[in-house]
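Peer 1: A predicted structure for the sequence below; I have some questions about it.
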Amino acid sequence: MTRTARLLLFALSCLVLAPATLALAWHMPAFGAHPLPYGEAINAVATAERHVTNMVSAVNFDYRGIDTLGEESMLLCAVTGVSVLLRGARGESTRARPGRVHGQPLRPRSTAMTLIGRVAAPVVLLFGVYVALHAMSTPGGGFQGGVIIASGLLLAFLGDGYRTWRRIVPSHLMDAIEGGGALLFALSGLLGLLTGAAFLANVLPFGEPGSVTSGGLMIPINLGVAGAVAGGFAVLFGEFLEETRVELSDRPAGGDT
Amino acid sequence: MTLLIAMLLLLTALAGTGVVLSRTPRRQVMAMGINGLILSLLFMALQAPDVALSELAVGTAALPLLFVVVLASMRMDRTPRQDEDA
């Protein structure tokens, strides 16, 4: 498509879409003053009904838990898909050497980087666990905590390199944590069925509002989400980092051996 | 508070434009990470700490990292050396 044709198409679509966009913007509620019927309702009832103080977690893990189960399975499928696509001999052994960029020397890691990695990794990991555990009382939850935990694990790679990272983040363990987390979520849902209630019905005691043990069934669900997300992201990072390795026997496909 | 939100909105627009205007993949990844950081600050100012945490963890840490690794992997020289063929 030539430049003139592109500009013509752009002008034409502007002519059609601009009035609609303007009309829509004109009828939007003022900034920050939009009505939130569902949000208001949750804010009003959730603390009394479920003994939790973080409404986002109450919505995610309880009121629309089945939605979150779907999202969890989506993450599981995405990570499984990436693992299947990137699976291969490359980088899976710790003896694999780092890949080289043509014309660029491999520089050794600086001492400062190692120090930052070693100091920051435990702090970040601890913060991730804190965010994940306090899902029902403060902002955050299994998803955010899980991603922070996975980032903390990754600092081991930045600080100490690929071999150390593979040793302290074993991929089979991460696979198990990811799958086990998703399984824990699904099994938590079945608990309701055992007592004669609906799937994912919150049948456990709700606990004290504002404490770590509040929320009843949301606690195992949140732990499941944290495990699935932390494990999933760690597997994802692992699969991608393996691609930067070169096996000694790395040959193009269709070789004679 | 209003001034803070106005400034963050302006920064978001600038960072977003930066993502669109940067041409080399490495700069695009960096621009995207900065955009994510500013977005998470904006979410924080709009009193959505949950979303801010998610944006920070995914948009500023995980996603740029995956892109950087992919870029590094793509630039790698993987042609087998002759002396290894045996």
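Peer 2: The structure has been received and is ready for your questions.

Peer 1: For the spatially most central residue of chain B, give me its contacts.
Peer 2: Nearest to the geometric centre of chain B sits B:G33, at 2.2 Å (C-alpha atoms, centre = their mean). B:G33 is in contact with B:G59, B:T60, B:L63, B:P64, counting by C-beta atoms under 8 Å, 6 or more residues apart in numbering or on different chains. No exception for glycine: its C-beta is placed from N, CA and C like everyone else's.

Peer 1: Please pick the buried ones from the residues you listed.
Peer 2: Buried residues within the contacts of B:G33, defined by neighbour count using 16 or more other C-beta atoms under 10 Å in any protein chain shown: B:G59, B:T60, B:P64.

Peer 1: who touches the lowest-mean-pLDDT helix or strand in chain B?
Peer 2: Averaged element by element with mean pLDDT, DSSP states H and E, chain B has its least confident helix or strand at helix B:63-74 (a mean of 85). With contact meaning C-beta under 8 Å, 6+ apart, helix B:63-74 is reached by A:99, A:101, A:154, A:236-237, A:240-241, A:243-244, B:25-26, B:29-30, B:32-33, B:36.

Peer 1: switch the cut-off to 7 Å
Peer 2: Helix B:63-74 is contacted from outside by A:G99, A:L154, A:F240, A:L241, A:E243, A:T244, B:P25, B:R26, B:V29, B:M32, B:G33, using C-beta atoms under 7 Å, 6 or more residues apart in numbering or on different chains.

Peer 1: Give me the buried stretch members for that helix, please.
Peer 2: Judged by neighbour count (16+ other C-beta under 10 Å), helix B:63-74 contains these buried residues: B:P64, B:L65, B:L66, B:F67, B:V68, B:V69, B:A72, B:S73.

Peer 1: tell me which parts of chain B are close to chain A?
Peer 2: B:49-50, B:53-54, B:57-58, B:61-62, B:65-66, B:69-70, B:72-73, B:75-78, B:80 (C-beta under 7 Å from any C-beta of the partner chain).

Peer 1: Drop anything exposed from the contacts of helix B:63-74.
Peer 2: Buried among these (16+ other C-beta under 10 Å): A:G99, A:L154, A:F240, A:L241, A:E243, A:T244, B:V29, B:M32, B:G33.

Peer 1: Can you give me every residue that contacts A:V203?
Peer 2: Taking C-beta under 7 Å, 6+ apart, we find A:V203 in contact with A:L191, A:G192, A:T195, A:A197, A:L217.

Peer 1: from these, which is closest to A:H34?
Peer 2: A:L217 (31.6 Å; C-beta to C-beta).

Peer 1: Stretch A:26-34 and chain B in contact?
Peer 2: No - using C-beta under 7 Å from any C-beta, stretch A:26-34 stays clear of chain B, with a minimum separation of 7.7 Å.

Peer 1: actually stretch A:157-175, not the one I typed
Peer 2: No - contact between stretch A:157-175 and chain B is absent, the nearest approach being 9.5 Å (criterion: C-beta under 7 Å from any C-beta).

Peer 1: Figure out how far that stretch is from the centre of its chain.
Peer 2: 18 Å (C-alpha atoms, centre = their mean, to the nearest Å).

Peer 1: For that stretch, buried residues please.
Peer 2: A:F157, A:L158, A:G159, A:D160, A:G161, A:Y162, A:W165, A:R166, A:V169, A:S171, A:M174, A:D175.

Peer 1: any idea of the mean pLDDT for it?
Peer 2: Regarding stretch A:157-175, the rounded mean pLDDT is 87.

Peer 1: again, but for stretch A:23-34
Peer 2: Mean predicted lDDT for stretch A:23-34 stands at 85.

Peer 1: Send me the least confident helix or strand of chain B as PDB with only the CA atoms.
Peer 2: What follows is helix B:63-74, C-alpha atoms only, in PDB (Å, rounded to 0.1, in the frame of the first residue of the first chain):
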ATOM      1  CA  LEU B  63       7.200  -8.900  29.900                       C
ATOM      2  CA  PRO B  64      10.300  -6.700  29.100                       C
ATOM      3  CA  LEU B  65      12.500  -9.500  30.400                       C
ATOM      4  CA  LEU B  66      11.000 -12.100  28.100                       C
ATOM      5  CA  PHE B  67      11.400  -9.700  25.200                       C
ATOM      6  CA  VAL B  68      15.000  -9.000  26.100                       C
ATOM      7  CA  VAL B  69      15.700 -12.700  26.300                       C
ATOM      8  CA  VAL B  70      14.100 -13.300  22.900                       C
ATOM      9  CA  LEU B  71      16.100 -10.500  21.300                       C
ATOM     10  CA  ALA B  72      19.300 -11.900  22.800                       C
ATOM     11  CA  SER B  73      18.400 -15.300  21.500                       C
ATOM     12  CA  MET B  74      17.600 -14.100  18.000                       C
END
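
Peer 1: returning to what we had before: mind giving me the ChimeraX select for the contacts of A:V203, buried ones only?
Peer 2: This is the ChimeraX syntax for the buried subset of the contacts of A:V203, where burial follows 16+ other C-beta under 10 Å:
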select /A:191,192,217
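
Peer 1: what about the strands in the stretch 151-257 of chain A?
Peer 2: Counting by DSSP state E, counting those that start in this stretch, one finds strands in the stretch 151-257 of chain A at the ranges A:245-246.
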